[in-house]
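[1] Kindly return the folded structure for what I paste below:
(one chain, ligands or ions: 2)
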Amino acid sequence: ALDPTVARPLAGRKVAISLGGTREPLDPVRFLGNRSSGRQGFALAAAARRMGADVTVVAGSIEAHPPRGLPLVRVGSAVEMREAMLAASADADVAIMAAAVADFRPVSVGAHKIKKTDGVSAPTIELVQNPDILAELVELSGPSQVVIGFAAETGDASGSALEHARAKARRKGADLLVFNDVAAAEVFGSGDNSVVFLDRDGGTVGAAAGSKADVAAAVLAAACDLLGE
Ligand code: CTP
Ligand code: CA
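    Ligands and ions are numbered 1, 2, ... in the order given. I've put the predicted structure just below:
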């Protein structure tokens, strides 16, 4: 039943997908945000649904239009996304973190709009680290669950993008980390994508390139393989 070449290999399976960016409130009208179109996440949701899965999408802020008829659980902050993803993943066979989660949030949220006063220096925003949702999903996952993360990396003086991604794969412990080299392809908001699949030891276990729909299909085929193991 988990053969990805059959028509609906995920029939009877539940897939939870987070996508979009989180918005970390600063005061009643302002936030610190993470940019994410949501396109790759929606492509994953469409592919999972086509493969027969019962799909739950937890969506932060998005620029793309959701596929027709796909219900969304809307969230704002990383803390809200954590709650919604833990709930959606509890009985899911596959959990995918395609969201751009803000790494930090303001320590406190003002009850009133922050005002500016001439002659008074600009406020300093103190930040605290957000929970690592992917790491928690890995921690909570049962032996038959598959947890998938995404990582967009760039190379720098301390290593190549791929080296950073391998280190992240080992750190996160997800069953699959989908790595894309940001410098190699302009992925943000664009239609195309090129990715490498890493296992929890940082080893390369696959690759995919093409449209976001092509990449999504490859990611879900890999999920089917992992479910079948
Ligand atoms: N992620 C998450 N919770 C966070 C941050 C990230 O679940 N608080 C997930 C993302 O959705 C993605 C994966 O972790 O699937 C990798 O995100 P990334 O930002 O690349 O990793 P970080 O651990 O935040 O490391 P970095 O310092 O490089 O941003
Ligand atoms: Ca991050």
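[2] Give me every residue in the protein lying close to ligand 1.
    Residues of the chain found near ligand 1 (Cβ under 6 Å from any ligand atom) are 78, 97, 99, 101, 103, 130, 132-134, 149-151, 168. All C-beta atoms are positioned from the backbone trio N, CA, C, and that covers glycine.
[3] From those, list just the buried residues.
    Among these, the ones that count as buried by 16 or more other Cβ atoms under 10 Å are 78, 97, 99, 101, 130, 132, 133, 134, 149, 150, 151, 168.
[4] Are we agreed that the last one is in a helix?
    So the one you mean is residue 168. Yes - remark: residue 168 belongs to a helix, assigned using DSSP: H, G, I helix; E, B strand; the rest coil.
[5] OK, contacts around it?
    151, 153, 177 (Cβ atoms under 8 Å, 6 or more residues apart in numbering).
[6] I'd like the residues you listed as CSV, with pLDDT and secondary structure appended.
    Below are the contacts of residue 168 laid out as CSV (pLDDT from 0 to 100; DSSP: H, G, I helix; E, B strand; the rest coil):
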residue, pLDDT, secondary structure
151, 96, strand
153, 92, strand
177, 98, strand
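[7] What are the buried residues along the lowest-mean-pLDDT helix or strand in the chain?
    When each helix and strand of the chain is scored by mean pLDDT, DSSP states H and E, strand 192-198 comes last, with a mean of 90. The neighbour-count check on strand 192-198 (16+ other Cβ under 10 Å) flags 193, 194, 195, 196, 197, 198 as buried.
[8] bridging residues for the fourth one?
    Residue 196 has these beta-bridge partners by DSSP bridges: residue 179, residue 207.
[9] Give me the residues contacting the helix or strand containing residue 219.
    Using DSSP states H and E, residue 219 sits in helix 212-228. For helix 212-228, contacts defined as Cβ under 8 Å, 6+ apart pick out 2-4, 9-10, 13, 15, 39-40, 43-44, 46-48, 51, 93-94, 96, 144, 146, 148, 175-176, 178, 191-193, 195, 197, 205-206, 208-209.
[10] Okay, and which of the residues you listed map to helices?
    Using DSSP state H, the members of the contacts of helix 212-228 that fall in helices are 39, 40, 43, 44, 46, 47, 48.
[11] May I ask which of the residues you listed has the most neighbours?
    Neighbour counts for these (other Cβ atoms under 10 Å) peak at residue 44, which has 29 neighbours.
[12] my read: that one touches residue 17, true?
    Yes - counting by Cβ atoms under 8 Å, residue 44 touches residue 17, with 5.4 Å between them.
[13] so what sits against both of those two?
    Residues touching both residue 44 and residue 17 (Cβ under 8 Å, 6+ apart) are 96, 98.
[14] residues in contact with the least confident helix or strand of the chain?
    With contacts defined as Cβ under 8 Å, 6+ apart, strand 192-198 is touched by 40, 162, 165-166, 169, 176-181, 184-185, 187, 204-212, 214-215, 218-219, 222.
[15] Next, the angle from that strand to helix 212-228.
    Compare the direction of strand 192-198 with that of helix 212-228 by axes from the mean of the first three to the mean of the last three Cα atoms, to 10 degrees and you get 20 degrees.
[16] Off-centre distance for strand 192-198?
    Centre-to-centre, strand 192-198 and its host chain are 14 Å apart (Cα atoms, centre = their mean, to the nearest Å).
[17] got the end-to-end distance for stretch 6-22?
    Stretch 6-22 has its terminal residues 36 Å apart, counting by Cα to Cα, to the nearest Å.
[18] and what of stretch 117-134?
    41 Å.
[19] any idea of the mean pLDDT for it?
    What stretch 117-134 shows for mean pLDDT is 94.
[20] Thanks a lot, see you next time.
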